[in-house]
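1. Predicted model and sequence follow; I will ask about them next.
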Amino acid sequence: MKVQGKVLVVTGGGSGMGRELVFNLLNKGAKVFAVDINEKTLQETVQLAGDKKENLATAVLNVADKAAVDALPAKVIEKFGAVDGIINNAGIIQPFVRLKDLDFSAIERVINVNLYGVIYMTKAFLPHLLTRPTAHVANVSSMGGYLPVPGQTIYGATKAAVKLMTEGLYAELLETNVNVTLIYPGAIATNITTNSGVATPGGTQTQEQEQKFKSLPADQAAEIIVNAIEKDSYSVFVGSDAKFMNLICRLSPQRATKFIYNQMKSLLK
């Protein structure tokens, strides 16, 4: 689906990859309705949009709030007259702890945002998308959706669930006007840790750990994702690490698991 002239909804549009998705879509001639739980960063997105902000609307929204999500399509249609696509980008990580030490409150929060948020958005918008000449659903999974990361077990479980849900949705919509793209970002330079309210151990040591991994700039990630949407791609791996680890996981899942454990174990409490 070419995005020029289309109306797209982006969740998590207040920062990081979501903000860059908003900018990329606007620059390609789309109208964007961006939502985020953080009002301050959402307004920063508006200000940074410059002369493109006339094609940008926003709403403060928690994607884990089903009632709020159910009311969103009407707001988008009231503003722009239609809705042609959604990008389910909003997501959070869990504290870097082993499953045995992870509080149920943290487990439920990650599941509610990462999985139920995607389900709520998809269910709310799909009836409207099916009425359009062409439409699109793009769901952000993760490299952690196929590669088990120690200390992010529940996060990975939610992203694996998004993977299979999206693949099932693709199959269900094959004979319709709605195309579906599954997105696997690797390490992207965003502030997801801060936005998730997660404190990683080690202070500056964490920064040194992160420097071992070459993060893809968020604007480059957004460009890859929007290009995949415009090509109606089935899936897209965002970053060389996502592509490489997918290959290793397919060849030797156990080897891949041990490799990522050795890379990440210093982050475990």
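-> Alright, I've got the coordinates. Residues are numbered from 1 along each chain as shown.
2. When you work out contacts or count neighbours from here on, use the C-alpha atoms and nothing else.
-> Fine.
3. any idea how far Val32 is from the residue nearest the centre of the chain?
-> The residue lying closest to the centre of the chain (C-alpha atoms, centre = their mean) is Asn89, at 2.5 Å. Using C-alpha to C-alpha, to the nearest Å, Asn89 is found at 14 Å from Val32.
4. Now list whatever residues contact both of the two.
-> Both Asn89 and Val32 are contacted by Val10, under the criterion C-alpha atoms under 8 Å, 6 or more residues apart in numbering.
5. ok, which stretches of the chain are strands?
-> 7-11, 31-36, 56-60, 85-88, 135-140, 178-185, 188-189, 216-217, 235-238 (DSSP state E).
6. wouldn't Thr158 be in contact with Leu115 here?
-> Yes. Using C-alpha atoms under 8 Å, Thr158 is in contact with Leu115, at 5.6 Å.
7. all helices of the stretch 151-269 of the chain, in order?
-> Here the stretch 151-269 of the chain has its helices, by DSSP state H, counting those that start in this stretch, at 153-172, 192-195, 204-210, 218-230, 240-251, 253-264.
8. Thr58 contacts Leu42, doesn't it?
-> Yes. Proximity of Thr58 to Leu42 meets the contact threshold set by C-alpha under 8 Å, at 7.3 Å.
9. Find residues that contact each of those two.
-> Listed as contacting both Thr58 and Leu42 by C-alpha under 8 Å, 6+ apart are 34-35.
10. For Leu169, see how far away Ala67 is.
-> 22 Å.
11. More neighbours: those two, which one.
-> A count of neighbours by other C-alpha atoms under 10 Å puts Leu169 above the other of Ala67 and Leu169, at 17 against 12.
12. burial count for the nearest residue in space to that one that is not next to it in sequence?
-> Counting by C-alpha to C-alpha, 6 or more residues apart in numbering, Val180 is the residue found nearest to Leu169 once chain neighbours are left out, at 7.4 Å. For Val180, the count of nearby residues is 25 (other C-alpha under 10 Å).
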